[in-house]
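A.B. asks: kindly generate the corresponding structure for this input.
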Amino acid sequence: MRVIALDIGERRVGVAVSDPQGAVATPVAVFDASLLASAEHVRELVSEWDAGLIVVGLPLTMRGLEGPQAERTREAAERIAAFVDVPVTFYDERLSSAEAKRAMRQAGVSEKKARGSVDKVAAALFLQSFLDSGGAVAFEEARDADAAEK
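C.D. replies: From the prediction side, this is the model:
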């Protein structure tokens, strides 16, 4: 199952996708956050990538709590969930943007060029962590168990 990750910020949304086996995350796009108002753009991404799950990065505080930014992210995710035909879940994305900036600096990417890519790299980082933790597999197993019960 292919998974899409969304790193939702105030101005931009970073997008990453997994391979069809749900093993490897790849950064793919950044789009203007204003496009989330209707979530049509996300529906197009789901269709284009044939995704079975959307993982939204939840910006928790360093203490693991939800603050105002997490609340805004949850509201945006609710709009998305109402507009797409695939489940939407959350995954802790603490420090993913900082880690993406650091990785891009180490790779020699200029700060100016990194500005447009950091959000999709951050999405790929937390998506890879989600995949490595077995999140996609656990989701598929739960979905299959629910289907078997019906």
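A.B. asks: please count neighbours and contacts with C-alpha atoms only from this point.
C.D. replies: Will do.
A.B. asks: can you pull out the strands in this protein?
C.D. replies: With DSSP state E as the criterion, the chain has strands at 2-8, 12-18, 25-32, 51-58, 88-92.
A.B. asks: give the pairing partners of the fourth one; include direction for each.
C.D. replies: What that stands for is strand 51-58. Using DSSP bridges, strand 51-58 pairs in its sheet with strand 2-8 (parallel), strand 88-92 (parallel).
A.B. asks: can you check what angle separates the first one from strand 12-18?
C.D. replies: Which is strand 2-8. Here strand 2-8 points in a direction 160 degrees away from that of strand 12-18 (axes from the mean of the first three to the mean of the last three C-alpha atoms, to 10 degrees).
A.B. asks: that older thread, for residue 117, find the nearest of the strands of the chain.
C.D. replies: strand 25-32 (6.9 Å; C-alpha to C-alpha).
A.B. asks: among the strands of the chain, which is the most enclosed?
C.D. replies: Stretch with highest mean neighbour count among the strands of the chain: strand 2-8 (a mean of 27; mean count of other C-alpha atoms under 10 Å).
A.B. asks: neighbouring contacts of that one?
C.D. replies: With contact meaning C-alpha atoms under 8 Å, 6 or more residues apart in numbering, strand 2-8 is reached by 13-22, 33, 46, 49-57, 73, 119-120, 122-124, 126-127, 136.
A.B. asks: off-centre distance for it?
C.D. replies: 3 Å (C-alpha atoms, centre = their mean, to the nearest Å).
A.B. asks: output the below-cut-off pLDDT ranges for the protein.
C.D. replies: Applying pLDDT under 70 to the chain flags residues 95-96, 98, 101, 104, 110-116, 137-139, 141-147, 150.
A.B. asks: show me the helices in it, by range?
C.D. replies: With DSSP state H, the ranges of helices along the chain come out as 40-49, 68-83, 96-106, 111-115, 118-132, 135-149.
A.B. asks: pick the most buried one from those helices.
C.D. replies: The highest average neighbour count among these, using mean count of other C-alpha under 10 Å, belongs to helix 118-132 at a mean of 26.
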